[in-house]
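# Quick one, fold the following:
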Amino acid sequence: MEPATHSKDTPTDPGYPPLVLRLRPVLELTQDQFLELSSLNHDLHLELTAEGELVVMPPAGGESSNVNAGITAQLWIWAKRDGTGAAFDSSGGFVLPNGAVRSPDSSWVRRSRLETLTTEQRRRFLPLCPDFVMELRPSSDRLSIVQDKMKEYMDNGARLGWLIDPEQKRVYVYRPQRPVREQDAPETVSGDPVLPGFVLNLREVW
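The predicted structure follows:
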């Protein structure tokens, strides 16, 4: 018998768009249940919207994963040198003030905010919105989907956000109560003043 193969339209393909499951009013996931569900399905990227919808995303493709790792590495190196906060990769979960559980591709939180959390809180999804968030647009996602997510971060307290679209070589810069600023094929983008001195090298992304 021939082994089963997946078509390019199956959820195991990194180009497959996110699957959104509407759970309410049939099921109301608690944060503990969602944490356990995420642990049981560590090969999937799961998020929970403020409306209680479960968002299921397949693992990233090799190219996207490599780009994201490079961006996170740059942020992590700067954060260690700067010392005023901590950097997180895409596996880090955050419970936003609106109740959504999100996992930005890269993020950073001021150390003074982390120090207010208990040891137990730091072991779980962090109950806060990061000061800085970065999302890498997958080629399978409509731009509006990622833009809505960026707006949600800003509405919930983020002070700086970058939406990076490698395919279009474009960066969207988000700041509270300011118009979104677009940059076409920039070689670098600065995190000042939220990330003082941090300059992301995009030559390795394009």
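# Residue for residue, what is the longest helix this structure has?
Counting residues, the longest helix in the chain under DSSP state H turns out to be helix 62-82.
# Name the SS class of residue 42, please.
coil (DSSP: H, G, I helix; E, B strand; the rest coil).
# quick revisit: quick check: what element follows the longest helix of the chain along the chain?
strand 85-88 (DSSP states H and E).
# in the chain, which spans are helices?
Per DSSP H, the chain carries helices over the ranges 31-40, 62-82, 111-114, 119-123, 143-155.
# contacts for the longest helix of the chain?
14, 59-60, 85-87, 89-90, 105-106, 108, 134, 136, 138-139, 164, 166, 195-198, 200-201, 204-205 (Cβ atoms under 8 Å, 6 or more residues apart in numbering). Where C-beta positions appear, they are placed from N, C-alpha and C, glycine not excepted.
# Try it again at 7 Å.
14, 60, 85-87, 89-90, 105-106, 108, 134, 136, 138, 166, 195, 197-198, 200-201, 204-205 (Cβ atoms under 7 Å, 6 or more residues apart in numbering).
# Going by neighbour count, list what's buried in that helix.
Across helix 62-82, burial judged by 16 or more other Cβ atoms under 10 Å covers 64, 67-68, 71-72, 74-76, 78-79.
# I'd like those laid out as CSV, including distance to residue 55 and pLDDT.
Formatted as CSV, the buried residues of helix 62-82 follow (distance: Cβ to Cβ, whole Å; pLDDT from 0 to 100):
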residue, distance to residue 55, pLDDT
64, 17, 83
67, 21, 92
68, 18, 93
71, 22, 97
72, 21, 97
74, 27, 97
75, 24, 98
76, 26, 98
78, 29, 98
79, 27, 98
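# Which of those sits closest to residue 185?
When the buried residues of helix 62-82 are compared for distance to residue 185 (Cβ to Cβ), residue 67 wins out at 15.0 Å.
# Low-confidence bits of the protein, can you list those?
Across the chain, the ranges flagged by pLDDT under 70 are 1-16.
# would you list the helices of the chain in a markdown table and tack on distance to residue 191?
Formatted as a markdown table, these follow (distance: least, Cβ to Cβ, whole Å):
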| stretch | distance to residue 191 |
| --- | --- |
| helix 31-40 | 29 |
| helix 62-82 | 8 |
| helix 111-114 | 16 |
| helix 119-123 | 24 |
| helix 143-155 | 15 |
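# for the ones you listed, which one sits closest to residue 19?
helix 143-155 (12.5 Å).
# Check which helices and strands that closest one sits against.
strand 132-136, strand 160-165 (3 or more Cβ pairs under 7 Å, 6 or more residues apart in numbering; DSSP states H and E).
# one more time with 10 Å, if that's ok
strand 101-102, strand 132-136, strand 160-165, strand 170-174 (3 or more Cβ pairs under 10 Å, 6 or more residues apart in numbering; DSSP states H and E).
# quick one: contacts for the residue most central in space within the chain?
In the chain, the residue lying closest to the centroid (Cα atoms, centre = their mean) is residue 104, at 1.3 Å. The contact partners of residue 104, by Cβ atoms under 10 Å, 6 or more residues apart in numbering, come to 88-90, 92-94, 129-130, 132-136, 149-150, 153, 158, 161-162.
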